[in-house]
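[1] what follows is a predicted structure for the sequence shown.
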Amino acid sequence: MERPNWVPDGVDVDRPNAARMYDYALGGSHNFAVDRALVEQAEAAMPGARQIAHANRAFLRRVVQWLAGTGVRQFLDIGSGIPTLGNVHEVAQRVAPGARVLYVDTDPIAVAHSRTMLVDNPGADAIQGDLRKPDEILDVARDRLDFSQPVAVLLFAVLHFIGDDDDPAAIVRTLHDAVPAGSYLALSHGTPPTDRGSDAETVRRIYTKTPTPLHLRTPAQVLPLIHPFEPVEPGLVAVSEWRPDDDEKPQRELLGAVAIKPVAGGATGG
């Protein structure tokens, strides 16, 4: 295929990529035919799969609004993806103009477009990084954010690309230990609906064609990944059930939670 001029050197345009698939599902334009084909395969295998991306984006918006409303002014968004409408800095800075955001993604296209979008925004930046190497991310983040003040660590639709062999619980513990008390973890994670297990398995097989295979987990498997952060109400639920808007569409394929690193002797939020 013809290589678009916005594609960074070294990117394989013939291999599908989860970030570009997500971009296509949200109606973005930074994706290729191979990405679009896999999204359509996933939609055919599990009708409504595309809507999961929109549910995740709506959940992100509600969470960031809530966090900014509690006074959080720093956001570390790991697995941020390709910029689309309603990004973290747009939501957070609408509530708190001084909010600072650091985006992190493994995909060079996502990072390049984030940097282009943020060129006139001194409160936000983007770096390339791999969640499986949290210490490397934190080394850079400490230069961009003030780790003496609370930080919201955002892991939206990214932990389900981390296999058990890479110990996602240990990754979260590393992030927990790095941020000060009063910081938050917010995450969303794919889960197999009990009545659509075979459909979910088909979608999982589709993602084996990307560099980041999908690891769907049950609520009982996701909940331990949150600790030692402490969940705030309503806990781990379907993202459509987390402080929903009146017109929120129910869905069961994506779990979400917000959790806090409590201040000693303090409340855990609510």
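    That came through, no problem.
[2] burial measure for R132, as a count.
    The number of residues packed near R132 is 16, by other C-beta atoms under 10 Å. Quick note: C-beta positions are derived from backbone N, CA and C, even for glycine.
[3] what's the burial count for the nearest residue to it once chain neighbours are set aside?
    Spatially, and ignoring its direct neighbours in sequence, R132 is nearest to D166 (4.9 Å; C-beta to C-beta, 6 or more residues apart in numbering). If you count neighbours by other C-beta under 10 Å, D166 ends up with 14.
[4] over to D165?
    Around D165 there are 8 residues (other C-beta under 10 Å).
[5] wait, is it part of a helix?
    Yes: counting by DSSP: H, G, I helix; E, B strand; the rest coil, one finds D165 located in a helix.
[6] could you say which helix or strand holds A186?
    Taking DSSP states H and E as the definition, A186 sits inside strand 184-190.
[7] which strands and helices sit next to that strand?
    helix 49-70, strand 152-156, helix 168-178, helix 219-226, strand 254-260 (3 or more C-beta pairs under 8 Å, 6 or more residues apart in numbering; DSSP states H and E).
[8] go through those and name the closest to D107.
    Across those, D107 has its closest neighbour in strand 152-156 (14.5 Å, C-beta to C-beta).
[9] may I have that closest one as PDB, with CA atoms only?
    C-alpha atoms of strand 152-156 as PDB (Å, rounded to 0.1, in the frame of the first residue of the first chain):
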ATOM      1  CA  ALA A 152      -4.000  10.100  38.600                       C
ATOM      2  CA  VAL A 153      -2.500   7.100  36.800                       C
ATOM      3  CA  LEU A 154      -4.800   6.200  33.900                       C
ATOM      4  CA  LEU A 155      -4.700   2.600  32.400                       C
ATOM      5  CA  PHE A 156      -7.700   2.700  30.100                       C
END
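[10] run me through the strand neighbours of it, direction for each.
    strand 74-78 (parallel), strand 184-190 (parallel) (DSSP bridges).
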